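*Asks:* make a model of this:
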Amino acid sequence: MPDRSALRKAIWGLGLTQIIGYGTLYYSFSILAPAMASEFGLTEGWMFGALSASLFAGSLFAPTAGRIMTVGSVAAAVALALCAVAPGRVSFVLALLAMELASSFVLYSAAFVAIVQIGVPRPQRSITHLTLIAGFASTLFWPLTSVLHAHLTWREVYLLFAALNLGLCLPIHAWLMRLSRRKATATQQGPASAHEAGAPLDPRRSRAAFLLMLAGFATEGFVLSAILIHMVPLTAALGLGTAGLFVSTLFGPAQVASRLINMLFGGRLQQAHLAVIAASLITAGLCALLLTTPWLPGAFLFVLLFGLGSGLTSIVGGTLPLELFGREGYGARLGWASAARQFTSAFAPFALAFMMARTSVANSLWVLAVVAASGVIAFLAIALLRRRGRAVFAIGGKPEEAT
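*Replies:* From the prediction side, this is the model:
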């Protein structure tokens, strides 16, 4: 197993690659989309539709992604460069497709699998540390992209982002791959601790928990993707004007704050309960925005609650499968969970743009609030299944047989 110093460096290195990955491949798009649409003679709705199609294609690769982050870094850089030099609509959409396919191999899910593969002894805590670092992606890249775009064309910005992926992320991912191989050849992992795997579920409850987990992540993915891609233009459309960009930049610190609070005080909290809290915060944030707009303090409350919920969601996306099912088969289960989240995330930006074009912004946000509330219900059901499973295990000494 790598020494503690190497493991700490691995987490910090992964955190840096996540900031760059999310910033260049995801958060920058909403800032650059108007200029892209104008150059290609398309509507912004069409641009977000192309992004949705690309995200959907990326979700198909999620169950198998996670072991080739080095290749993913090269692919991300190449895809960004191809977007930057695309001469027409078709070539641009194909490059955008390649960019989102590459993202499946370098973002959170792949990073979580890497943490388990290098043999971190307490992967849940390390996942929290990683998401704490990566929470600065939107805070850094929304304003950074805006500043760069004020002096550079969107093509030049994408070329610069390609260089970041190639020059910084690639060496880090290559080093992590060596750590993973060294760990694999040295010693085999021991069984998951009781804290990681928790009390076992019987097969029937295990299947139900898995399906509910997929449903919960799917609803959260839809809501988060819809809002985050449209965050800056959405706040402007609600009457916040130029203050919308400033309000949006608080999303990142809110994410970081939630992860820091969880790291300091949430050590004994079950991840199923944390998932309920995260989904509830997202729902509450949307309701706060709807009930207070265009009141500026209400927008701050929305970003605070939404950012807190999003930050916790990033954590439970990696820790909940580990708690429910343990280390064995973790990569595959995490892949399916990521696929469910990315599948709905793919359609979300286009769906919200379509709804806002056909109806009011407020009505569109109420639809998102209902979807978010269904996620709360799914995670509550998982918590109840966990509680019943723990009770049966405590009484009988073994999980109840499926009937």
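*Asks:* return the helix or strand in the chain with minimum mean pLDDT.
*Replies:* Taking mean pLDDT, DSSP states H and E as the measure, helix 194-197 is the helix or strand of the chain with the lowest mean score, a mean of 45.
*Asks:* for the helix or strand following that one, buried residues please.
*Replies:* For helix 194-197, the succeeding helix or strand toward the C-terminus, using DSSP states H and E, is helix 203-235. Of the residues in helix 203-235, those buried by neighbour count under the rule 16 or more other Cβ atoms under 10 Å are 205-206, 209-210, 212-235. (C-beta placed from N, C-alpha, C; glycine too.)
*Asks:* over to stretch 167-175?
*Replies:* Of the residues in stretch 167-175, Leu168, Cys169, Leu170, Ile172, His173 count as buried by neighbour count, 16+ other Cβ under 10 Å.
*Asks:* the strands in the stretch 251-400 of the chain, which residues?
*Replies:* Ranges of strands within the stretch 251-400 of the chain: none, based on DSSP state E, counting those that start in this stretch.
*Asks:* which residues of this structure score low on pLDDT?
*Replies:* Low-confidence segments of the chain, defined by pLDDT under 70: 1-3, 58-68, 182-202, 240-242, 244, 389-403.
*Asks:* any idea which residue sits dead centre in it?
*Replies:* Nearest to the mean C-alpha position of the chain, by Cα atoms, centre = their mean, lies Ser314 at 5.5 Å.
*Asks:* find the nearest non-adjacent residue to that residue, please.
*Replies:* Spatially, and ignoring its direct neighbours in sequence, Ser314 is nearest to Thr131 (4.4 Å; Cβ to Cβ, 6 or more residues apart in numbering).
*Asks:* next one: Pro143
*Replies:* Of all residues apart from its sequence neighbours, Thr249 sits closest to Pro143 (Cβ to Cβ, 6+ apart), at 6.0 Å.
*Asks:* against Thr145, how distant is that neighbour?
*Replies:* Going from Thr249 to Thr145 by Cβ to Cβ, to the nearest Å gives 12 Å.
*Asks:* so the two - more neighbours on which side?
*Replies:* In this view Thr249 and Thr145 are compared by other Cβ atoms under 10 Å, and Thr145 has more residues nearby, 22 against 18.
*Asks:* now do the same contact list for that one.
*Replies:* Gly23, Tyr27, Ser28, Ile31, Leu32, Val157 (Cβ atoms under 8 Å, 6 or more residues apart in numbering).
*Asks:* my read: Thr313 touches Thr219, true?
*Replies:* No - distance between Thr313 and Thr219: 10.7 Å, which falls outside the contact criterion (Cβ atoms under 8 Å).
*Asks:* so what sits against both of those two?
*Replies:* Residues touching both Thr313 and Thr219 by Cβ under 8 Å, 6+ apart: Ala279.
*Asks:* that older thread, let me know the closest of the buried residues of stretch 167-175 to Leu264.
*Replies:* Proximity of these to Leu264, judged by Cβ to Cβ, is greatest for Ile172, which lies at 26.8 Å.
*Asks:* the closest one in helix, strand or coil?
*Replies:* At Ile172, secondary structure determined by DSSP: H, G, I helix; E, B strand; the rest coil is helix.
*Asks:* which residue, other than its chain neighbours, is closest to it?
*Replies:* The spatial neighbour of Ile172 that comes closest, neighbours along the chain excluded (Cβ to Cβ, 6+ apart), is Gly13 at 4.2 Å.
*Asks:* now Met356
*Replies:* Taking Cβ to Cβ, 6+ apart, and ignoring the residues beside it in sequence, Met356 has Ser364 as its nearest neighbour in space, at 4.9 Å.
*Asks:* report how many residues lie close to the one you found.
*Replies:* Using other Cβ under 10 Å, Ser364 has 21 other residues around it.
*Asks:* distance of it relative to Glu156?
*Replies:* When distances are taken as Cβ to Cβ, Ser364 and Glu156 turn out to be 33 Å apart.
*Asks:* one more: Ala218?
*Replies:* In this view, Ala218 and Glu156 are 36 Å apart by Cβ to Cβ.
*Asks:* same question, Trp295
*Replies:* When Cβ to Cβ is applied, the distance between Trp295 and Glu156 equals 38 Å.
*Asks:* tell me the contacts of Met231?
*Replies:* Ser30, Trp142, Ser248, Phe251.
*Asks:* still on that earlier bit, so who does the residue nearest to Pro143 touch?
*Replies:* If you count contacts by Cβ under 8 Å, 6+ apart, then Thr249 has Ser138, Thr139, Trp142, Pro143 around it.
*Asks:* which one of the residues you listed is nearest to Arg333?
*Replies:* Lowest distance from Arg333 to the contacts of Thr249 (Cβ to Cβ) belongs to Ser138, with 27.2 Å.
*Asks:* neighbours around that closest one, how many?
*Replies:* 27.
*Asks:* before we move on, back to that, which SSE is the residue nearest to Ser314 in?
*Replies:* Under the assignment here (DSSP H and E), Thr131 is part of helix 123-134.
*Asks:* and if you look at Leu42?
*Replies:* Secondary-structure element containing Leu42, defined by DSSP H and E: none, the residue being outside all helices and strands.
*Asks:* OK, contacts around it?
*Replies:* Contacts were defined as Cβ under 8 Å, 6+ apart; by that measure Leu42 touches Met36, Arg89.
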